[in-house]
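**Student:** Provided below are the primary sequence and the corresponding predicted coordinates.
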Number of protein chains: 2
Amino acid sequence: MGLDDRKLEVLRAIVEDYVATQEPVGSKALVERHALGVSPATVRNDMAVLEDEGYIRQPHTSAGRVPTDRGYRLFVDRLSRVKPLSPAERRAIERFLVGAVDLDDVVHRAVRLLAQLTRQVAVVQYPSLTRSAVRHLELVPVSTTRLLLVMITDTGRVEQRVVELPGPVDPEEITDLRRVLNATLAGVKLVDTPPLVQGLVERAEPQAKATMSTLVSVLLETLVERHEERIALAGTSNLARMGPLDLSTGALRPILEALEEEVILLKLFDEVKAGSARVRIGDENEVVDLRSTSVVSTGYGPGATVVGGMGVVGPTRMDYPGTIATVRAVARYLGEMLAQH
Amino acid sequence: MGLDDRKLEVLRAIVEDYVATQEPVGSKALVERHALGVSPATVRNDMAVLEDEGYIRQPHTSAGRVPTDRGYRLFVDRLSRVKPLSPAERRAIERFLVGAVDLDDVVHRAVRLLAQLTRQVAVVQYPSLTRSAVRHLELVPVSTTRLLLVMITDTGRVEQRVVELPGPVDPEEITDLRRVLNATLAGVKLVDTPPLVQGLVERAEPQAKATMSTLVSVLLETLVERHEERIALAGTSNLARMGPLDLSTGALRPILEALEEEVILLKLFDEVKAGSARVRIGDENEVVDLRSTSVVSTGYGPGATVVGGMGVVGPTRMDYPGTIATVRAVARYLGEMLAQH
DNA sequence: GACTGGCACTCCGTAGCGACGAGTGCCAGC
DNA sequence: GCTGGCACTCGTCGCTACGGAGTGCCAGTC
């Protein structure tokens, strides 16, 4: 593993040039564009070593070199520093997120912004409800045996669900139920509701027990568990930019398919942290269909808490420092928006 | 315009073969696959006429013929009868839509189903609110000067919006406002609300006038006007199926871009009717970026009323009879689902 | 008059070939 | 340890040849 400084410098130059030009880079072009202070021959020797170690490869004998997934990994871990955002980008972020009218709007603006700035496919998970608290529960009769259960959270999210009741209930009962539910749950974080909710059923009036039980199970199953499933997506048209190379082989289809599966997308955000971006390069991806891409993801939320994930999906040949910076910046602004809300 | 029956039959054969094989179809192959009862030479003469009339064209001299937009149009209008759905498709539709838990779920299932059955890009507009009625309005205080306004409609849709009030209001005032709003608007169709709502401000207590006025304007602007904007999309990966032909030219990008613009998608559903499908072939599309595609759209709703549009976007070379049948069938089932709801 | 068989023609797609150039690996020399 | 030089590889491009599919047209037949 004897990679001295110059060899690392060569690797960095290769990655940067390849990302910029999308073409295999040769030793001569390298010394011309980067002040390496050595001759092409020397660079060739270094490249041979880098290739032995698996950081770069030749698409064909006697073509230039291209970074491997491993090479990108080394580049990301050790050779790149975070690229500060341009003032224009900063302004774009501020302008885009200001003026959002509700949660949906905020999330949509954020994905579009991210897609536009990175010129890649952007994915934003809706804020998870587990960390938010119940602000209000509303029961609206739809028919004698059906109720609309509406939950409003302190993050501004509204969830609703029609509940089929075991038997008819009259308006006073509903008023009662509403009062009890709100008294017990208002202000409580969703993660903390399950134990409280059990008690509700036990303490309910005998004749209301069945109804309450139904309500409670719906509350748990649907509202609390289904919450993290929503995803916003933007910039799929940027996939067409991935390069006619991969495009003609029909490699696009599986990627588009994966992007349509919310379940798959949610996997991208397993264990994301706020503040730092995680980079999954090519084969490192757990999602098989995305093995030909790289995913840069991070968590966002008010302060340091994470209420959701966001990120971008793009070619392994991407501008990692720039993308990482943008993803983190948008996540930070989004977090701030939520904190204000 | 002397197109006798056989020439029409030839056109139909060309369309069907081209749709099936995606390759220009020649006179010889045509007589082999279709019992036209004449020789290739005769078919060639017919094809020459069809080409003169602009229904088919040759990609290159001495290649087979390909239908033009005009040819597809004639085919759709006069040469195809509705293809009955296969029992498998019927079953798929029933199975998919049953078991939906709420409006979001219904719409999502419908769009995915449509994409799957037609193997194309499916688009479903959320039910418009103009024809539905207010079931309940709820006001939830978020802070002293902020209210969450929630509207529940009889189609099961819930719309919410945070309202910034001109000044602080206390809980009793809110209760009052809620009562007045519901007394006036519950059961009223959204299209009929504007006149009623004006009266609300005038009749409000002097000190509540400003608050009521704010609420009312938000109600009108946001809830009533923004309602038709939502769109569900599925099957974009099917675009990759459009054929490497158009794909390599980079024609995919504008299409993907158009599909990301909700405003554009909504244009597809201008003036759709329930029951009959509308077909826009190639250049007939108003949306310029979709001029290389065909759009089959229809309206849906409970009974014969239209509360939203749905359709598919695919290559001009598509199975029109099958697609039309599927779009109509899914629309009908979706309408039924809404009627039950 | 309508259809058919035959024929020459066009032109796409593919394969083979050679020149060119980019890039490499290696080696001798500094 | 670096460099210049050199032979070699191999992909790309342009050219040519050619087979095949398909056409348009014409003369002949029913």
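**Tutor:** Done, it's in.

**Student:** now do the strands in chain A.
**Tutor:** Assigned by DSSP state E, the strands in chain A fall at A:56-57, A:66-67, A:121-125, A:134-143, A:146-153, A:158-164, A:231-234, A:278-281, A:293-300, A:308-315.

**Student:** can I get these in CSV with distance to B:T42 and mean neighbour count?
**Tutor:** Placement of C-beta: from N, CA and C, glycine included. Output for the strands of chain A, formatted as CSV (distance: least, CB to CB, whole Å; neighbours: other CB atoms under 10 Å in any protein chain shown):
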stretch, distance to B:T42, mean neighbour count
strand A:56-57, 59, 20
strand A:66-67, 57, 23
strand A:121-125, 53, 27
strand A:134-143, 66, 19
strand A:146-153, 67, 21
strand A:158-164, 64, 19
strand A:231-234, 53, 21
strand A:278-281, 62, 21
strand A:293-300, 54, 26
strand A:308-315, 53, 27
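
**Student:** any buried residues in the longest helix anywhere in chain A, and which?
**Tutor:** As assigned by DSSP state H, the longest helix anywhere in chain A is helix A:320-340. Neighbour-count burial for helix A:320-340 flags A:320-331, A:333-335, A:337-338 (criterion: 16 or more other CB atoms under 10 Å in any protein chain shown).

**Student:** stretch A:86-101 too?
**Tutor:** By 16+ other CB under 10 Å, the buried positions in stretch A:86-101 come out as A:89, A:92-93, A:96-97, A:100.

**Student:** which of those fall in helices?
**Tutor:** Using DSSP H, these in helices are A:89, A:92-93, A:96-97.

**Student:** can I get those in TSV with distance to chain B and pLDDT?
**Tutor:** Output for those, formatted as TSV (distance: CB to the nearest CB, whole Å; pLDDT from 0 to 100):
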residue	distance to chain B	pLDDT
A:E89	21	90
A:A92	18	89
A:I93	20	89
A:F96	16	79
A:L97	16	73
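
**Student:** JSON lines for those residues, including distance to DNA strand D?
**Tutor:** Shown next, in JSON lines, are those (distance: CB to the nearest atom of the strand, whole Å):
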{"residue": "A:E89", "distance to DNA strand D": "35"}
{"residue": "A:A92", "distance to DNA strand D": "37"}
{"residue": "A:I93", "distance to DNA strand D": "40"}
{"residue": "A:F96", "distance to DNA strand D": "41"}
{"residue": "A:L97", "distance to DNA strand D": "44"}
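
**Student:** check those residues one by one and keep those near DNA strand C.
**Tutor:** Checking these against DNA strand C by CB under 7 Å from any atom of the strand, not one of them is in range.

**Student:** so A:A234 is in contact with A:A110, correct?
**Tutor:** No: the criterion here is CB atoms under 8 Å, and A:A234 misses it with A:A110 at 9.0 Å.

**Student:** what residues does chain A have near DNA strand D?
**Tutor:** Counting by CB under 7 Å from any atom of the strand, chain A sits next to DNA strand D at A:6, A:37-39, A:41-42, A:45, A:60-63.

**Student:** which ones are touching the closest residue to DNA strand C within the stretch 1-150 of chain A?
**Tutor:** Nearest residue of the stretch 1-150 of chain A to DNA strand C (CB to the nearest atom of the strand) works out as A:G26 at 2.7 Å. For A:G26, the contact set (CB atoms under 8 Å, 6 or more residues apart in numbering or on different chains) comprises A:63-65.

**Student:** also A:R70?
**Tutor:** Residues near A:R70 by CB under 8 Å, 6+ apart: A:54-55.

**Student:** what about it, distance to A:D283?
**Tutor:** Using CB to CB, to the nearest Å, one obtains 9 Å as the distance from A:R70 to A:D283.

**Student:** what does A:A122 give?
**Tutor:** A:A122 is 22 Å from A:D283, where distance means CB to CB.

**Student:** same check on A:V201?
**Tutor:** As judged by CB to CB, A:V201 and A:D283 stand 49 Å apart.

**Student:** what does A:K83 give?
**Tutor:** Distance from A:K83 to A:D283, counting by CB to CB: 25 Å.

**Student:** now swap in A:V218 and tell me
**Tutor:** Taking CB to CB, one finds A:V218 at 42 Å from A:D283.

**Student:** for those two, work out which one has more neighbours and name it.
**Tutor:** Neighbour totals were compared for A:V218 and A:D283, and A:V218 leads with 19 against 14 (other CB atoms under 10 Å in any protein chain shown).

**Student:** now the helices for chain A?
**Tutor:** Going by DSSP H, chain A shows helices at A:5-21, A:27-33, A:40-52, A:69-74, A:87-97, A:103-118, A:171-185, A:193-203, A:209-218, A:244-248, A:252-260, A:262-267, A:320-340.

**Student:** in contact with the nearest residue to A:V169 once chain neighbours are set aside: list those residues for me.
**Tutor:** Once flanking residues are discounted, A:V169 sits nearest to A:T211: 5.7 Å by CB to CB, 6 or more residues apart in numbering or on different chains. The neighbourhood of A:T211, defined by CB under 8 Å, 6+ apart, consists of A:165-167, A:169, A:173, A:177.

**Student:** what is the neighbour count of the nearest residue to A:T144 once chain neighbours are set aside?
**Tutor:** Computed as CB to CB, 6+ apart, the closest residue to A:T144 that is not its neighbour in sequence is A:P168, at 4.2 Å. The local packing of A:P168 (other CB under 10 Å) involves 11 other residues.

**Student:** what does A:P59 give?
**Tutor:** 11.

**Student:** give me the buried subset of the contacts of A:G26.
**Tutor:** Using 16+ other CB under 10 Å as the burial test, the contacts of A:G26 include A:64-65 as buried.

**Student:** how about low-confidence regions in chain A?
**Tutor:** A:1-2, A:155-156, A:222-228, A:243-250, A:341 (pLDDT under 70).

**Student:** tell me which parts of it are close to chain B?
**Tutor:** Selection of chain A residues close to chain B by CB under 8 Å from any CB of the partner chain yields A:101-102, A:135-136, A:138, A:140, A:142, A:148, A:150, A:152, A:156, A:158, A:160-162, A:222, A:234-237, A:239-241, A:244, A:247-248, A:250, A:252-254, A:256-257, A:259-260, A:341.

**Student:** dihedrals phi and psi, A:P127?
**Tutor:** Per-residue torsions, A:P127: phi -60, psi 130 (degrees, to the nearest 10).
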